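Visitor: Let's see this in three dimensions:
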Amino acid sequence: MPRIILSMSIEILAPCGSMESLTAAVRSGANAVYLGTKELNARRGAGNFGFDELKEAVAYAHGRAVKVYFTLNTLVSDTEFKTAYETVEAAMLSGVDGFIVQDLGLAKMIRECFPEARLHASTQCSVNTPDGFRELERLGFVRAVLPREMSAEEISEIRKATSMELEIFVHGALCMCVSGQCYLSAMLGSRSGNRGLCAQPCRLSFSADNSGSFDLSLKDLSLIEHIGEIEKLGVCSLKIEGRMKRPEYVAAAVTACKKAIDGTYGLSDGQVLKSVFSRSGFTDGYFTGKRLDMFGTRQKDDVTAAAPVLKELSRLYDKENPLLPVKLSFICRDSEPALLLAEANGKAVRITGAVPERAINKPMTEEGLKDRLSKLGGTPFYADSVNIELHGGLILPASEINRMRRKAVEALLQTDIPKFTENEYTPVKPRIKSGAPYYTARFERAAQIPDNHQFERIFLPIWERDEAFIKHGAGAELPRGLFGSEEKLKKRLSELRAIGVKEALCGNLGAYKTAEALGFKAYADFGLNIFNSESARLFNSPLLSFELTLEQANRINADDTGIIVYGRLPLMLTRNCPVKNRIGCDKCKKHGILTDRKGYKFPVKCSSYPCVEILNPVPVLLSDRMNEVHTDFAHFYFTDESKDEINTIVNLYKSNKKTDIEYTRGLYYRGVK
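Guide: Predicted coordinates:
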């Protein structure tokens, strides 16, 4: 088998949902893999690993110089922190090389209880500005996974802002929504993408023109042809998506990345990738900034194309590949035990053999010993150099030399678990609170704000007119999607600060830190996905995740917490407008609608910033259940309502009555899986 030469300048990071996928990744030449156990990871539907299997997987990978990153990239509830702690402990005992984390409260616990653990910020953290990446670094993260929606120019901006390692997705499924900001699956079926059980409803029909089109389904991502450019941007790791995919897919993607690094990737390699899995082909639209022709679905031809290539791909990993160089030194002296020294993968071993005898006929030769010691087939090693020190006239049985070689390989494959500090975790006790919450609200337009309202805080979108902020004493609601727009945001915030605006509602870590730095009192919005007491304590007056049940939200133990009690919830934040793609902005006139296969209509809202929001068809309503809400404040999320409608809604809440309009209780009673 031809030797595979790996580039050491950039890492190929492969997905592993099973031991077979891990084997495929390692034998195909991945430098690192990422995997998870059966809980608290963003691919809970994959096979995944038990704790004993995890030890086996890490030992297998480390013995072959492959790093293992452990996924804890979901939101974690207060009652799950004990499980999370035990999972981190088991992963540390297995020797994993890093933890991919979404939940900032969980990251805080890991940092405090396991200080040697390396934290990687998941793309689910939804950080997309320089200030956001700087804050991740301050919070103890050593690596961050870039959003899939970033262009090369925007990645360059991030690279200049932080010394953290940067990781980028280069191949695999592409979500329509900005990672961490999708609530569609949760709202429609209680299967949360933020909890690792996304049902992918976006792959079903959501049509902007009532034609039954699939306007939320993107083609798969592939940036393999851009790997040279990516490396120049200062990205250290090339991540392949696909823990739910078969091992042949993993092998194909790793091989393609390897060829691209070595400069041998060609048209036929791209065709193999398309054959094994694609949705009407691939796209690089976000990276290049050319976001046309990004939409696609899984077609019959895409499915049938896989069969002819799977068997050939399985041959890439059916046997051990000689990926690791080993240096061998064999010493054979008269009247002394033979000695074999082997060095590979940063490890040196010493194997002692039998005492040689005087040869009667044919003594050993250096050439013969080199040939026998170099027979490393079926192992991950190849003989990089073989040095022989041999006294003349000596002989050892061939079986003894073979035994020494096998023992050396076995010893090189054994790995040690680094020692680590472990501090006990004290769970936060649930809060018990009574009393009615005070009211806050966000309005889409100043014209909606009622006269003599009773909201203690009100917010308007940052692009509303200066006069509106002054007249109503409103704070500014900052966009969650700020790709490449941080300087634009800072300029607008400075203008608002100059006219006396003092408060900012921030649904993004970067926006929160930007607002604080410019002298605003920052409030945490729902986009920060605050799901537990630990994360709630990191922010001021946090608006809790609407994926929590009402009982869970009530028990969050942090100062001044709130929930959304009314409004059409934003289910998706997208950088590529589905309405613009289907019918164009001229026909939409900022009144876009997506219709699903059941006839429900989802409003699409655009803005002067680089993302659009897709809203739920009907509002959350808790007006008759407010006696069950025990958070400190209740937040109203007004979108299309008129001033008169808003007055009617507020009066319903004052009188604890229901309305005749169609509504939902959201997830406050059914929760997410």
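Visitor: what about the strands in the stretch 1-150 of the chain?
Guide: Ranges of strands in the stretch 1-150 of the chain, per DSSP state E, counting those that start in this stretch, are 11-15, 32-35, 67-72, 98-101, 119-121, 141-145.
Visitor: The stretch 251-400 of the chain now?
Guide: Under DSSP E, counting those that start in this stretch, the stretch 251-400 of the chain gives strands at 282-283, 324-332, 339-344, 347-352, 357-358, 381-390, 394-395.
Visitor: Name the stretch among those strands that sits most buried.
Guide: Burial of those is given as mean neighbour count (mean count of other C-beta atoms under 10 Å); strand 282-283 ranks first at a mean of 24. In short, each C-beta sits where N, CA and C put it, glycine included.
Visitor: Which elements pack onto it?
Guide: For strand 282-283, the packing partners by 3 or more C-beta pairs under 8 Å, 6 or more residues apart in numbering; DSSP states H and E come out as strand 220-222, helix 267-276.
Visitor: which of those is buried the deepest?
Guide: By mean count of other C-beta under 10 Å, those have strand 220-222 as the most buried, with a mean of 23.
Visitor: could you point out which element follows that one?
Guide: Once the chain leaves strand 220-222, the next helix or strand it forms, by DSSP states H and E, is helix 227-232.
Visitor: Same list (the helices and strands packed on strand 282-283) but as TSV, adding mean pLDDT.
Guide: TSV is the format used below for the helices and strands packed on strand 282-283 (pLDDT from 0 to 100):
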stretch	mean pLDDT
strand 220-222	96
helix 267-276	91
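Visitor: Now tabulate these in TSV and tack on distance to residue 80.
Guide: Shown next, in TSV, are these (distance: least, C-beta to C-beta, whole Å):
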stretch	distance to residue 80
strand 220-222	31
helix 267-276	36
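Visitor: ok so, going back, so which of the strands of the stretch 251-400 of the chain gets nearest residue 301?
Guide: Checking the strands of the stretch 251-400 of the chain against residue 301 by C-beta to C-beta gives strand 282-283 as the closest, at 14.5 Å.
Visitor: Okay, now the sheet partners of the closest one, with direction.
Guide: strand 220-222 (parallel) (DSSP bridges).
Visitor: Which strand residues bridge residue 382?
Guide: residue 325.
Visitor: from memory it sits against residue 327, does it?
Guide: No - here residue 382 does not reach residue 327: they are 11.0 Å apart, not a contact under C-beta atoms under 8 Å.
Visitor: Now the strands of the stretch 251-400 of the chain in TSV, please, with extra columns for distance to residue 63.
Guide: Below are those laid out as TSV (distance: least, C-beta to C-beta, whole Å):
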stretch	distance to residue 63
strand 282-283	34
strand 324-332	9
strand 339-344	10
strand 347-352	9
strand 357-358	35
strand 381-390	10
strand 394-395	33
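Visitor: which one of the ones you listed lies closest to residue 59?
Guide: Judging the strands of the stretch 251-400 of the chain by C-beta to C-beta, what sits closest to residue 59 is strand 347-352, at 13.4 Å.
Visitor: angle of the closest one against strand 324-332?
Guide: 30 degrees (axes from the mean of the first three to the mean of the last three C-alpha atoms, to 10 degrees).
Visitor: re the thing from before, now the strands of the stretch 1-150 of the chain in a markdown table, with distance to residue 21?
Guide: As requested, the strands of the stretch 1-150 of the chain are exported to a markdown table (distance: least, C-beta to C-beta, whole Å):
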| stretch | distance to residue 21 |
| --- | --- |
| strand 11-15 | 7 |
| strand 32-35 | 8 |
| strand 67-72 | 13 |
| strand 98-101 | 17 |
| strand 119-121 | 20 |
| strand 141-145 | 19 |
